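S.K.: structure for this input, please:
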Amino acid sequence: IKQRQTQAAPVAAKLHEWLVLHRIKVPDGTAIAKAIDYSLNRWVALTRYLADPALPIDNNHDEQQIRPWATGRKNWLFAGTQLAGQRAAALMSLIQSAKLNGLDPYEYLRDVLTRLPTHKASRISELLPHRWASVRAG
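M.R.: This is a model prediction of the structure:
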């Protein structure tokens with residue numbers, strides 16, 4: 001956090017000052033005005049990482065994780081029916097969630113689908129990827 005405060009915070013402060021100064025020079029409704037307004041309206045969120053070392057500086061990791069799904073979106077438009085599309089989306093969400101929780105998606109789905117017919121509906125949340133490992137061990 002010290003490095004962020006000594007190196008990044010002054011840069012962020014200068015950027016904010018520049019945005020405020022130039023916003024008054026730019027006519028409303030222009031693309032540059034919209035871009036500056038976007039940044040200024042989200043300034044607190046954009047600079048939150050400066051005070052919290054647990055927050056990443058950018059969201060590149062998250063963007064890389066969702067890229068395969070965004071790329072395939074056009075292909076999945078033709079899932080057959082709306083219900084088929086919803087089922088595919090649910091399955092893809094489970095697979096990606098398993099990966100994000102450090103699980104092997106095949107092993108996770110094989111175990112969950114085996115348990116599902118006899119698992120109590122009131123305890124279905126136990127089978128979600130972020131809770132699955134502890135259920136499996138117990």
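S.K.: right, and the helix or strand after the helix or strand containing Arg87?
M.R.: Under the criterion of DSSP states H and E, Arg87 resides in helix 82-100. Next helix or strand after helix 82-100 toward the C-terminus (DSSP H and E): helix 105-115.
S.K.: elements contacting that following helix?
M.R.: Packing partners of helix 105-115 (3 or more Cβ pairs under 8 Å, 6 or more residues apart in numbering; DSSP states H and E): helix 82-100, helix 129-137. C-betas here are computed from N, CA, C, even on glycine.
S.K.: least confident of the ones you listed, on average?
M.R.: Across the helices and strands packed on helix 105-115, helix 129-137 has the smallest mean pLDDT, namely a mean of 72.
S.K.: low-confidence ranges, the protein, go.
M.R.: Of all residues in the chain, those with pLDDT under 70 make up the ranges 69, 74-76, 133-138.
S.K.: secondary structure class for the residue of it positioned farthest from its centre?
M.R.: Going by Cα atoms, centre = their mean, the residue of the chain most distant from its centre is Lys25, 35.0 Å out. Here Lys25 is coil, with the state taken from DSSP: H, G, I helix; E, B strand; the rest coil.
S.K.: grab the most central residue of this protein for me.
M.R.: Mean-position check on the chain, Cα atoms, centre = their mean. Result Asp62 at 5.2 Å.
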